[in-house]
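Participant: generate coordinates for the sequence data below:
(one chain, ligands or ions: 2)
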Amino acid sequence: MISLNSIIFNGMDATPIDVQVQLSTGLAKPEFNIIGLADRAVKESAERIRNVLSAMNLSLPPKRLTVNLSPADVEKTGSHFDLPILCGILCAIGVLPEQELSKYIIIGEVGLNGAIVKTDGVLPASVWANQHNLGIICPGAQGPEARWAGHTNILAPYHVLELINHFKGTQILPVPATTAFDTNDASQIDMSDVRGQSAAKRALEIAAAGGHAMLMIGPPGAGKTMLASRLSTILPEMTPAEILETSIIYSIAGQLDGKSLITKRPFRSVHHTSSAVSLAGGGADARPGEISLAHNGVLFLDELPEFNRATLEILRQPIEAGKIMIARARRTATYPARFQLIAAMNPCPCGHLGNAALSCSRAPRCAEAYQNKISGPLLDRIDLHVDVDAVNPWEMNKVDTSPAETSAQIRERVVAARNRQIKRQGMPNAYLDGGALDTVASLDATLTEFLNDAAEKMGMSARGYNRIRRIARTIADLRGTTNIEMPDLAEALSYRPINRGKYGAR
Ligand SMILES: Nc1ncnc2c1ncn2[C@@H]1O[C@H](COP(=O)(O)OP(=O)(O)O)[C@@H](O)[C@H]1O
Ligand SMILES: [Mg+2]
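Facilitator: Ligands and ions are numbered 1, 2, ... in the order given. As a prediction, this is how the structure comes out:
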């Protein structure tokens with residue numbers, strides 16, 4: 001019996017799959033079966049393989065050919081078992097050497113003519129193979145992707161014949177080249193594009209420094225979307241570990257373009273008509289959703305109240321846990337989902353609440369209904385609430401005497417503040433809670449009294465209380481000081497929850 005290695009992912013968890021091929025005698029005509037809880041794609045694989053064999057003029061011997069994917073209790077989905085099954089058969093009929101091929105993890109879909117086509121999950125498969133001292137055989141186009149895992153024992157053929165020739169020794173496959181990452185920022189957006197809005201920019205800087213979730217509220221055209229989309233230009237660079245982690249999610253989702261790993265923090269802008277599955281992940285093959293594609297980056301929800309309320313509620317658990325569990329028929333899959341949530345909204349459906357000249361006759365009742373579409377518990381999990389007022393047209397067109405700060409200048413301060421946090425507690429301030437928060441964001445007697453007083457007057461929840469301390473901690477980190485002082489706390493208190501701020505309907 002032939003035995004080769006392949007792999008399958010459930011969420012981020014890898015399970016090695018043993019692809020066994022057995023030829024048994026006693027039949028007049030060839031028969032071919034795949035067993036071991038195979039889904040439709042795997043069954044279709046039999047058909048494709050039969051075609052490839054006849055295209056290569058290789059006919060199956062008149063024997064019973066049984067392919068078993070083991071362990072049997074693991075659900076096998078996808079088409080990437082084509083290649084290991086085909087290799088197993090080629091070993092069984094003596095075309096490929098089993099002894100050599102069993103030293104590799106094999107994944108890839110095979111086209112009808114024998115071309116090896118792209119498949120999902122090559123990056124994590126290569127990481128796994130590297131850790132387990134195995135080589136990897138993957139589709140030619142994905143050689144660089146396999147290489148990014150730090151692996152060098154890679155065979156990346158574009159066609160089955162290349163693989164056969166390689167093992168015959170007639171044409172050795174080269175180790176895939178590492179491609180240079182595309183570090184050019186094509187977007188060309190910068191914080192200096194935004195005129196005025198110094199308060200909103202300051203809030204965005206705090207959000208970037210501490211990794212805080214942020215909600216902007218204000219009239220249409222104030223520049224909320226413009227500000228949000230510039231957050232990624234002031235965030236700290238990704239660490240190598242973050243780059244690999246996020247890229248693995250994209251690889252599993254089939255969204256790695258083959259040119260580069262994900263080296264810039266993702267910025268995922270999700271439309272309010274998006275379904276729960278596209279946001280959270282799921283579907284028949286348990287794909288990662290937007291919140292996982294935003295892992296280590298930004299999830300932007302524009303026009304927040306327009307989202308389906310049930311869809312938004314899904315966010316509560318991942319915001320706290322930094323991951324999402326997707327339940328499926330037979331099992332559950334878990335994906336990382338540590339994203340920075342940035343949301344924006346108008347104060348009311350027409351957007352002009354508080355503007356005597358423009359607001360409609362239904363204000364402020366329509367605003368109350370509108371703002372109530374977002375649940376209290378979700379609002380509670382957003383650290384920074386910011387009012388964004390429209391910039392006056394005359395202000396906007398004024399000749400600038402002092403040019404606005406660039407993203408690079410702001411990022412420098414953000415990085416310094418973030419480094420303080422990592423050095424002190426190993427994580428951004430946004431994740432501080434409970435005892436850790438007490439330790440690093442302690443307040444002296446005067447400040448404690450001040451905050452308690454404010455909390456009572458504002459009817460603050462325990463969550464709200466911690467929210468203020470986290471923000472004050474980040475503000476102090478931006479100043480580069482160890483202790484939180486009165487101006488830090490006072491500024492933190494100015495980011496009042498939107499439903500109690502200037503545009504609040506309550
Ligand atoms: N502060 C600003 N500086 C420069 N342009 C602005 C500013 N505010 C708004 N704009 C212009 O108005 C357009 C609409 O802004 P947008 O960010 O979509 O507003 P909002 O999301 O608050 O409705 C922007 O594309 C930009 O051209
Ligand atoms: Mg907008």
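
Participant: ranges for the helices of the stretch 101-250 of the chain?
Facilitator: With helices called from DSSP state H, counting those that start in this stretch, the stretch 101-250 of the chain shows them at 122-131, 143-147, 160-168, 198-210, 224-228, 240-252.

Participant: now do the same end-to-end measure for stretch 25-40.
Facilitator: In stretch 25-40, first residue to last residue: 27 Å (C-alpha to C-alpha, to the nearest Å).

Participant: what about K259, how many neighbours?
Facilitator: For K259, the count of nearby residues is 11 (other C-beta atoms under 10 Å). Where C-beta positions appear, they are placed from N, C-alpha and C, glycine not excepted.

Participant: I'd guessed it sits against E145; true?
Facilitator: No. Judged on C-beta atoms under 8 Å, K259 makes no contact with E145 at a distance of 9.8 Å.

Participant: strands of the stretch 301-450 of the chain, start to end?
Facilitator: 323-327, 332-336, 340-345, 384-387 (DSSP state E, counting those that start in this stretch).

Participant: chain center to the last one: distance?
Facilitator: In terms of C-alpha atoms, centre = their mean, to the nearest Å, the centre of strand 384-387 is found 25 Å from the chain centre.

Participant: same question for the first one.
Facilitator: Here strand 323-327 is found 13 Å from its chain centre; the criterion is C-alpha atoms, centre = their mean.

Participant: one more: the longest one?
Facilitator: Centroid separation between strand 340-345 and its chain, computed with C-alpha atoms, centre = their mean, is 16 Å.

Participant: partners of it in the sheet?
Facilitator: Sheet pairing for strand 340-345, assigned by DSSP bridges, gives strand 214-217 (parallel), strand 298-301 (parallel).

Participant: what mean pLDDT would you report for stretch 102-110?
Facilitator: The pLDDT scores in stretch 102-110 average 96.

Participant: mind checking the end-to-end distance for that stretch?
Facilitator: First residue to last in stretch 102-110 (C-alpha to C-alpha) measures 19 Å.

Participant: least trustworthy helix or strand in the chain by mean pLDDT?
Facilitator: Lowest by mean pLDDT, DSSP states H and E among the helices and strands of the chain is helix 393-397, with a mean of 70.

Participant: residues contacting the closest residue to ligand 1 within the chain?
Facilitator: Closest to ligand 1 within the chain is G223: 2.9 Å, counting by C-beta to the nearest ligand atom. Listed by C-beta atoms under 8 Å, 6 or more residues apart in numbering, the contact set of G223 reads 194, 197, 200, 388, 390-391.

Participant: out of those, which are close to ligand 1?
Facilitator: 194, 197, 391 (C-beta under 6 Å from any ligand atom).

Participant: select only the buried ones of the residues you listed in ChimeraX?
Facilitator: Buried residues within the ones next to ligand 1 among the contacts of G223, by 16 or more other C-beta atoms under 10 Å, are selected in ChimeraX with:
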select :194,197,391
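
Participant: out of the ones next to ligand 1 among the contacts of G223, which one has the lowest pLDDT?
Facilitator: V391 (80).

Participant: can you tell me how far that one sits from R195?
Facilitator: According to C-beta to C-beta, to the nearest Å, V391 and R195 sit 6 Å apart.

Participant: ok, now L60?
Facilitator: According to C-beta to C-beta, L60 stands 72 Å off from R195.

Participant: likewise for L96?
Facilitator: 65 Å.

Participant: more crowded one of these two?
Facilitator: Higher neighbour count among L96 and R195: L96, with 23 against 15, using other C-beta under 10 Å.

Participant: and that one, what is it in contact with?
Facilitator: So L96 contacts 87, 90, 163-164, 167 (C-beta under 8 Å, 6+ apart).

Participant: got these as TSV, with distance to ligand 1, neighbour count and pLDDT columns?
Facilitator: As requested, the contacts of L96 are exported to TSV (distance: C-beta to the nearest ligand atom, whole Å; neighbours: other C-beta atoms under 10 Å; pLDDT from 0 to 100):
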residue	distance to ligand 1	neighbour count	pLDDT
C87	53	29	96
L90	58	25	94
L163	52	27	96
I164	57	19	95
F167	58	18	96
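
Participant: residues near D73, how many?
Facilitator: 9.

Participant: er, E456 actually
Facilitator: 9.

Participant: check which helix or strand it maps to.
Facilitator: In this assignment (DSSP states H and E), E456 forms part of helix 445-458.

Participant: mind giving me the packing neighbours of that helix?
Facilitator: When contacts are defined as 3 or more C-beta pairs under 8 Å, 6 or more residues apart in numbering; DSSP states H and E, helix 445-458 sits against helix 462-479, helix 486-494.
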